[in-house]
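Enquirer: any chance you could fold what I've pasted below:
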Amino acid sequence: MIKSALRTAAIAAAVSAIAFAAQAKNSMVGGAAMYPTKNIVENAAHSKDHTTLVAAVKAAGLVSTLEGKGPFTVFAPTNEAFAALPAGTVDTLLKPENKAKLTKILTCHVVAADAMSKTVAKMIKDDGGEHDIKTVGGCVLKAKESMGKITLTDENGSVAHVTIADVKQSNGVIHVIDKVLLPKM
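Expert: Numbers count the residues shown, from 1 in each chain. Okay, the predicted model is just below:
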């Protein structure tokens, strides 16, 4: 009887370990595991590729919003995407006097829905190859699909590519992108 209980416990532990490993394998961003039980801010704070985004979210006062219930879809620019902006742009945006502008830029990366890539791809297909995505910040992003990859075009014509899709969060989903999307100012 004890052997049977031990065998059952060992099997349960092995199944749990396999499930956890599979989850972690599919959910790595910036060298860190992304856990679907944690919210957007909790997970993003552990990604070494998103330190600039996290600093910007803090400076804009959006932490409590993105820790909220959601659901949210966040198109998350990498540090490299922020570094590609003109010299001094990030430092200027992080200043308290530019909080409104920073907030506008960041909320143009957020959608008030849980939009997995399959859903976005279906909307693109249903709309004839391009789908307008309205963001929390009032921006309209044009989503397209090419060779199985989703792109987003901002209001200025800049194109961001989704490099990692469907990073599930407790309050939505993150899609990592390679460019900062900017509103028409």
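
Enquirer: return the strand with the most length in the chain as PDB; C-alpha atoms alone will do.
Expert: The residue-count maximum for a strand in the chain (DSSP state E) belongs to strand 159-169. Only the C-alpha atoms of strand 159-169 are listed here, as PDB (Å, rounded to 0.1, in the frame of the first residue of the first chain):
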ATOM      1  CA  VAL A 159       6.000  48.800 -39.300                       C
ATOM      2  CA  ALA A 160       6.600  46.600 -36.200                       C
ATOM      3  CA  HIS A 161       7.000  42.900 -36.500                       C
ATOM      4  CA  VAL A 162       5.700  40.500 -33.800                       C
ATOM      5  CA  THR A 163       8.800  38.500 -32.900                       C
ATOM      6  CA  ILE A 164       7.300  36.500 -30.000                       C
ATOM      7  CA  ALA A 165       3.500  35.900 -30.000                       C
ATOM      8  CA  ASP A 166       1.000  34.700 -27.500                       C
ATOM      9  CA  VAL A 167       2.900  35.100 -24.200                       C
ATOM     10  CA  LYS A 168      -0.100  34.400 -22.000                       C
ATOM     11  CA  GLN A 169      -0.500  36.400 -18.800                       C
END
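
Enquirer: pull the distance from that strand to the chain's centre.
Expert: Put simply, strand 159-169 sits 6 Å off its chain's centre (CA atoms, centre = their mean, to the nearest Å).

Enquirer: following the chain onward from it, which element is next?
Expert: Moving toward the C-terminus from strand 159-169, the next helix or strand (DSSP states H and E) is strand 172-177.

Enquirer: so what does that following strand touch, helix or strand wise?
Expert: Strand 172-177 makes packing contacts with helix 40-44, strand 72-77, strand 159-169 when contacts are defined by 3 or more CB pairs under 8 Å, 6 or more residues apart in numbering; DSSP states H and E. For the C-beta atoms, the positions are set from N, CA and C on the backbone; glycine is no exception.

Enquirer: now for the ones you listed, which one comes closest to Gly129?
Expert: strand 159-169 (14.6 Å; CB to CB).

Enquirer: related to what we said a few turns ago, and the longest strand of the chain, what does it pack onto?
Expert: Here strand 159-169 touches helix 40-44, strand 72-77, helix 117-126, strand 149-153, strand 172-177, going by 3+ CB pairs under 8 Å, 6+ apart.

Enquirer: okay, those in CSV with distance to Thr135 next?
Expert: Below are the helices and strands packed on strand 159-169 laid out as CSV (distance: least, CB to CB, whole Å):
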stretch, distance to Thr135
helix 40-44, 15
strand 72-77, 9
helix 117-126, 13
strand 149-153, 10
strand 172-177, 13
